[in-house]
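Participant: Provided below for reference: sequence and predicted model.
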Amino acid sequence: MISGINVAAFVFLSIGVGLFFMRWRRVGSRIFWFASAACAVLAVRTVLPLLAPHPGWPVDVLSTILLTSCGVLLAGGFVTALNLLREMSFHRDVLEIIRDLDRAICSTMEIRNMLNLFSRRVAGLFGVDAISIQRINPSTKSLEQLAGSSLGELGLEMQGGNNGDGFTDWVLKNRKLLTIRDVLSDPRGAGNSEALRASGIKSYIGAPMVIKGQPVGVLALLTKKPRRFSSTDGRFFSMLTSHLAIAISGAQIYENLEQLYSETINSLVLAIETRDKYTKGHSKQVSSLARALARKLGLDGDELALITYAGLLHDIGKIGVDSRIIHKSGPLDPEEWLTMKRHPVESAKIIRQIGQLKTVAPWVLHHHERWDGRGYNDGLTGDTIPLGSRILAVADTFSALTSDRPYRKARSLDYALTEIKSVAGTQLDPKIVEVFLSMATDERGKSELSAVMQGEGLA
């Protein structure tokens, strides 16, 4: 009888044979079972006599076949289990990427940042050298690179151009997954053979991004080593591509709405500034400065967007002020001054009608309050004035000083900086003034502020 130690040794030997061919199994080799069986038979015939309990122990054909069969089944079962575990792990990673993609869609993440993050995750998951996300531009109907490795940097363009014979063309035309183990031998790459050879790209997998039955782009992976993408790779790759198409479509809709939103606000600003040639560009200056100040103060994301809109709309209430008051070159009389002081209130009323900007209304309402409490309309002091209002006050003061007005000419940059410094702690928040002045401590800062004065804005 064979001892337990000998049987265990044989089992581990069989498993080792299976593991040796596991790499072939992963890339879809059909000779896995034949190779495993052949090696197991060879191993049994060679090793079994050594495992016998005594020299005279018989090694007949029946025992050889029986033990070989057991070994192959054990090895095959073990390798199959490992492959299932690998596929489950791969599936989990794919689902995590899809989950993060869905979260990014629901966030305010800019589309290109979202896609760059997606590209890095997918390239790492599939172990490829390059990834390309291309979208059909709705206006030009041509492909544009959204994220991933630029195909131009690799020395090739996967689109066939006018001949329509490129890999990307094929994917878009047939709306099917395309896998190519050797791009140089594939006829669809004939038009780019020299570029393909120079790039070093060997294998390709691409899938169409489809929304409502229409292709909107292509997701592609490329490797510099020959690779046969498995059916599992193709299945999960197609799944990721489908979710990516939804993400890009959703992000594009959001960006289009944002653009429409911005254009509508800019139209409102233009309506105000058309009535007053002296304040043309003033709202954009205040918006640009307020955004730069807010960033210096540590604000980001939604807060930066809101302060930008607040700067654009802070004087929207002047649309209801008599143009004779706005254009008056001399001092305002008490009644006219009372009317002018109402414009922050009217601005806030208008902004409250815009659901997404309700947060901004108090900032605009109080942007003429003073740090010492002698401002209008509510006489707020110090930190009781909203931070957004205090930021707007500094930006508004600088823009007013450096712009022509009916009653005086624009002041110089140095004069404006000196004046703002002199009213820190009385009219303006001293901490925000300090941050603002730090923006002009060198020649670069001064040149940026000069650019704002010329209507060029800050980055």
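Facilitator: Cool, the structure landed.
Participant: look up the pLDDT of residue 425 for me, please.
Facilitator: On pLDDT, residue 425 comes in at 94.
Participant: oh, that last question was meant for residue 103, not what I typed.
Facilitator: For residue 103, the predicted pLDDT is 67.
Participant: do the same with residue 28
Facilitator: 42.
Participant: repeat that for residue 352.
Facilitator: So, for residue 352, pLDDT stands at 91.
Participant: how much space between residue 412 and residue 307?
Facilitator: Here residue 412 is placed at a distance of 27 Å from residue 307 (CB to CB, to the nearest Å). The C-beta positions use only the backbone N, C-alpha and C, and glycine is treated the same way.
Participant: compare the two (neighbour count), which wins?
Facilitator: Shown here are residue 412 and residue 307; by other CB atoms under 10 Å, residue 307 has more neighbours (26 against 12).
Participant: ok but that one is inside a helix, no?
Facilitator: Yes: under DSSP: H, G, I helix; E, B strand; the rest coil, residue 307 falls within a helix.
Participant: going forward, count from 40.
Facilitator: Shifting the count to begin at 40 puts that one at residue 346.
Participant: I'd say it and residue 425 touch.
Facilitator: No: contact criterion CB atoms under 8 Å: residue 346 and residue 425 do not qualify, at 10.9 Å.
Participant: find residues that contact each of those two.
Facilitator: residue 402 (CB atoms under 8 Å, 6 or more residues apart in numbering).
Participant: may I have the phi/psi pair for residue 267?
Facilitator: When read as degrees, to the nearest 10, the backbone of residue 267 gives phi -100, psi 100.
Participant: doesn't residue 221 make contact with it?
Facilitator: No: counting by CB under 8 Å, residue 267 does not reach residue 221; the two are 9.7 Å apart.
Participant: which residues are common contacts for those two?
Facilitator: Joint contacts of residue 267 and residue 221 (CB under 8 Å, 6+ apart) are residue 242.
Participant: and residue 480, how many neighbours?
Facilitator: Neighbour tally, residue 480, other CB under 10 Å: 9.
Participant: quick one: secondary structure of it?
Facilitator: Residue 480 - assigned by three-state DSSP - is coil.
Participant: tell me the pLDDT at it?
Facilitator: pLDDT, residue 480: 78.
Participant: just residue 371 next, same as before
Facilitator: Looking at residue 371, its pLDDT is 88.
Participant: so it belongs to a helix, correct?
Facilitator: No: Residue 371 is assigned coil when assessed by three-state DSSP, not a helix.
Participant: that one against residue 365, yeah?
Facilitator: No: counting by CB under 8 Å, residue 371 sits too far from residue 365 to count as a contact (10.2 Å).
Participant: more neighbours, the two?
Facilitator: residue 365 (17 against 14).
Participant: and that one, how far is that from residue 359?
Facilitator: On the measure of CB to CB, residue 365 and residue 359 end up 11 Å apart.
Participant: what of residue 276?
Facilitator: Separation of residue 276 from residue 359 (CB to CB): 58 Å.
Participant: show me what the closest residue to residue 185 other than its chain neighbours is bridged to.
Facilitator: Distances taken as CB to CB, 6 or more residues apart in numbering place residue 172 nearest to residue 185, at 4.6 Å, with adjacent residues excluded. Under DSSP bridges, the beta-bridge partners of residue 172 are residue 186, residue 258.
Participant: burial count for residue 172?
Facilitator: Look at residue 172: counted by other CB under 10 Å, it has 24 neighbours.
Participant: before we move on, what about residue 278?
Facilitator: Using other CB under 10 Å, residue 278 is surrounded by 16 other residues.
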